[in-house]
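[1] need coordinates for the following:
(one chain, ligands or ions: 1)
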Amino acid sequence: MKLGKLQIEPTAALAPMAGVADTAFRRICKEYGAAYVVGELVSAKGMTYHSKNSAKLLEITIKERPMAVQLFGSEPKTMAEAAEMSLENSPDVIDINMGCPAPKVTATGAGSALMKDLPKAAGIIEAVRAAVPSHIPVTVKFRKGWDDNLINAVEFAKMAEQSGAAAITIHGRTRAQMYAPYADWDIIRQVKEAVSIPVIGNGDVDSPQSAAEMYRQTGVDLVMIGRGALGRPWLFAQIQAYLKDGVVLPEPPLEERMAVMMKHIRLAAELKGEDIAVRESRKHIAWYLKGIRGAAKFRNASGSVRTVEEAQALAQEVIRVNCEEADSV
Ligand SMILES: Cc1cc2nc3c(=O)[nH]c(=O)nc-3n(C[C@H](O)[C@H](O)[C@H](O)COP(=O)(O)O)c2cc1C
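    Numbering: from 1, shown residues only. Next up, the predicted model:
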């Protein structure tokens, strides 16, 4: 997929996930072949108030590139100002969030609330486009619509294209649907057919086969994965192998999975400090443990892990218990 000067492999991208897909996770996913990553959403208003938290969220390490920073806001002027400020980190792409369903975001007229106000959304895209150098692509991520009474993704996509978006990402659910039930891939196909800019398809891809199926059913230029990659960053390598050679790589052995988990936690600790990193890693530990024997018990234990050393001890215990049980079968 061509995005400005970037050439992005049509394998799979990592979706933006606030509080989850931080630098450490993005880097691990990149190591496994994620073709492109998008940062956690950042408040444009927070940036203009010089929030330290926003500044931190905008940082990009070389190992994450190509990477988009993602901004949200409801005022063209503030969004333009924030986009300009974000240039300090030399983002490869600036993505505008017009899909977030969280009430605290939509109540301010931002995120998916913009799907109810196309002129305002157009004004934001135009303002951001005008605020940054032309070689930096500006993209937009949005949903199928607001609710069953307002399914306007196709019209929205055309508006985004006309307003200067270099590519769009469509998540096949309405705002009302939040994250369930199944994403509508047909609306993704309709969006792809309606515009000439590249389209990234998103929603419910969680295996090499479903990635291939989304490409086949919708014709998108790139598939984007959110929840499917949690605790399974190797999914990107599995998708690559399947799309390129038709090979279905098995899930890595438990020892390797635990080694990846520890690498992820250590990297997070290096980047954020051990206290914060380990606290934030607890949910990742629970995802890495999904599907293994005794997962519920270990997931409970992960809730009280406080140091990298304790996480390492838990990983060793998981391996020991699972190997013993395997030996006794
Ligand atoms: C924990 C979590 C945080 C998310 N944060 C963001 C975000 O910051 N920006 C955004 O555009 N989408 C966000 N999303 C939505 C995802 O990018 C994606 O559109 C959605 O999860 C559907 O894809 P999936 O079915 O592959 O998970 C988030 C989703 C989850 C589960």
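[2] quick one, what contacts the residue in the stretch 201-329 of the chain that the ligand sits nearest to?
    Residue nearest to the ligand within the stretch 201-329 of the chain: Gly226 (2.8 Å; Cβ to the nearest ligand atom). Placement of C-beta: from N, CA and C, glycine included. By Cβ atoms under 8 Å, 6 or more residues apart in numbering, the residues touching Gly226 are Leu14, Ala15, Met17, Ala21, Asn202.
[3] do Val223 as well
    Pro10, Thr11, Ala12, Ala13, Ile200, Gly201, Asn202, Val205, Ala211, Met214, Tyr215, Ile239.
[4] what are the bridge partners for it, then?
    Beta-bridge pairing of Val223 under DSSP bridges involves Ala12, Gly201.
[5] immediately after the helix or strand hosting Arg143, which helix or strand?
    Taking DSSP states H and E as the definition, one finds Arg143 inside strand 138-145. Next along the chain after strand 138-145, taking DSSP H and E as the criterion, comes helix 153-162.
[6] relative to strand 138-145, how tilted is that next one?
    170 degrees (axes from the mean of the first three to the mean of the last three Cα atoms, to 10 degrees).
[7] how distant is helix 153-162 from the center of its chain?
    21 Å (Cα atoms, centre = their mean, to the nearest Å).
[8] from the contacts of Val223, which single one is nearest Asp95?
    Ile200 (9.9 Å; Cβ to Cβ).
[9] count the residues that sit near the closest one.
    Ile200: 27 surrounding residues under other Cβ atoms under 10 Å.
[10] surely it is in contact with Val220?
    Yes. Counting by Cβ atoms under 8 Å, Val220 is a contact partner of Ile200 at 6.4 Å.
[11] before we move on, back to that, so which of the contacts of Gly226 belong to strands?
    Among the contacts of Gly226, DSSP state E puts Leu14, Asn202 in strands.
[12] near the ligand, from the contacts of Gly226?
    Applying Cβ under 6 Å from any ligand atom to the contacts of Gly226, one finds that Ala15, Met17, Asn202 fall near the ligand.
[13] need the strands for the stretch 201-329 of the chain, in chain order.
    222-225 (DSSP state E, counting those that start in this stretch).
[14] quick one: low-confidence parts of it?
    325-329 (pLDDT under 70).
[15] still on that earlier bit, off-centre distance for the strand holding Arg143?
    The chain centre lies 13 Å from the centre of strand 138-145; the measure is Cα atoms, centre = their mean.
[16] can you give the strand pairings for it, parallel or anti for each?
    Strand 138-145 has these strand partners (DSSP bridges): strand 93-98 (parallel), strand 167-174 (parallel).
[17] I'd like these as JSON lines, with distance to the ligand, mean pLDDT and mean neighbour count appended.
    Formatted as JSON lines, these follow (distance: least, Cβ to the nearest ligand atom, whole Å; pLDDT from 0 to 100; neighbours: other Cβ atoms under 10 Å):
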{"stretch": "strand 93-98", "distance to the ligand": "5", "mean pLDDT": "98", "mean neighbour count": "26"}
{"stretch": "strand 167-174", "distance to the ligand": "4", "mean pLDDT": "98", "mean neighbour count": "27"}
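[18] could I get those strands as JSON lines with distance to Met79?
    Below are the strands paired with strand 138-145 laid out as JSON lines (distance: least, Cβ to Cβ, whole Å):
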{"stretch": "strand 93-98", "distance to Met79": "7"}
{"stretch": "strand 167-174", "distance to Met79": "17"}
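[19] out of those, nearest to Thr61?
    From the strands paired with strand 138-145, taking Cβ to Cβ, the stretch that ends up closest is strand 93-98, at 15.6 Å.
[20] close to the ligand, is the next helix or strand after the closest one?
    Per DSSP H and E, the first helix or strand lying C-terminal to strand 93-98 is helix 103-106. No. Helix 103-106 lies apart from the ligand when judged by Cβ under 6 Å from any ligand atom; the minimum separation is 9.3 Å.
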